[in-house]
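> output the structure for:
(one chain, ligands or ions: 2)
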Amino acid sequence: MPDFNLSVNGERVVARNVAPDTPLLWVLRDTLGLVGTKFGCGLAQCGACTVQIDGEPMRSCVYPVSAVGDKAITTIEGLASEVSLHPLQQAWIDLDVPQCGYCQAGQLMSAAALLAKNPQPSDADIDAAMAGNYCRCATYNRIRAAVHTAAETLQKQGGDRETV
Ligand code: FES
Ligand code: FES
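Numbering: from 1, shown residues only. Ligands and ions are numbered 1, 2, ... in the order given. Sure thing, here's the model as predicted:
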């Protein structure tokens with residue numbers, strides 16, 4: 001079986017001896033040891049397995065590794081910078097968003113993709129962007145609040161940079 005040269009969280013990695021139709025989720029978890037991304041339904045229905053591929057939220061449970069090519073994969077392990085959590089992660093902590101936590105890596109990856117495109121989303125924007133990420137613990141209201149909090153943090157950080 002072939003090897004796949006992948007870009008994961010800003011690093012080049014090689015996934016060896018992998019069948020081309022293997023879902024990216026299993027390559028991340030089993031081959032590369034990045035177990036932050038979760039398996040839920042395996043059918044692109046729940047969003048637990050969401051990662052970003054070239055900045056777009058994708059369901060890694062149905063994304064064949066052979067389709068990745070040179071695209072940049074970002075997983076929950078790559079969301080924080082070397083010096084600080086992503087503002088979304090900090091807001092998730094500050095607002096106690098997770099309950100069981102199982103869905104939250106996927107929620108964060110979808111939310112991060114949203115804020116990258118739309119820095120000041122409305123409730124409706126958030127609900128639309130997060131509609132494919134299910135939470136069996138129904139943390140939706142806290143997720144929405146935390147996305148707004150992170151958006152405010154990012155706006156402030158942008159303003160701080162402009163005044164430096
Ligand atoms: S595990 Fe991929 S969408 Fe549910
Ligand atoms: S926090 Fe439990 S499924 Fe979302």
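> what's the mean pLDDT across stretch 20-35?
Stretch 20-35 comes out with an average pLDDT of 98.
> can you give the distance of stretch 56-73 from its chain's centre?
Taking the mean C-alpha point of stretch 56-73 and that of its whole chain, the gap between them comes to 12 Å (Cα atoms, centre = their mean, to the nearest Å).
> same check, this time on stretch 23-38
Average the C-alpha atoms of stretch 23-38, do the same for its chain, and the two points are 13 Å apart (Cα atoms, centre = their mean).
> what about it and ligand 2, any contact?
No. Applying Cβ under 6 Å from any ligand atom, one finds that stretch 23-38 is not in contact with ligand 2, the shortest distance being 9.5 Å. Backbone N, C-alpha and C define where each C-beta goes, glycine included.
> wait, doesn't Ala116 sit right on Gly55?
Yes. Using Cβ atoms under 8 Å, Ala116 makes contact with Gly55 at a distance of 6.1 Å.
> and Arg16, how far is that from Val27?
To Val27, Arg16 is 10 Å away according to Cβ to Cβ, to the nearest Å.
> when those two are compared, which one has more neighbours?
The neighbour count for Arg16 versus Val27, taken as other Cβ atoms under 10 Å, is higher for Val27 (24 against 10).
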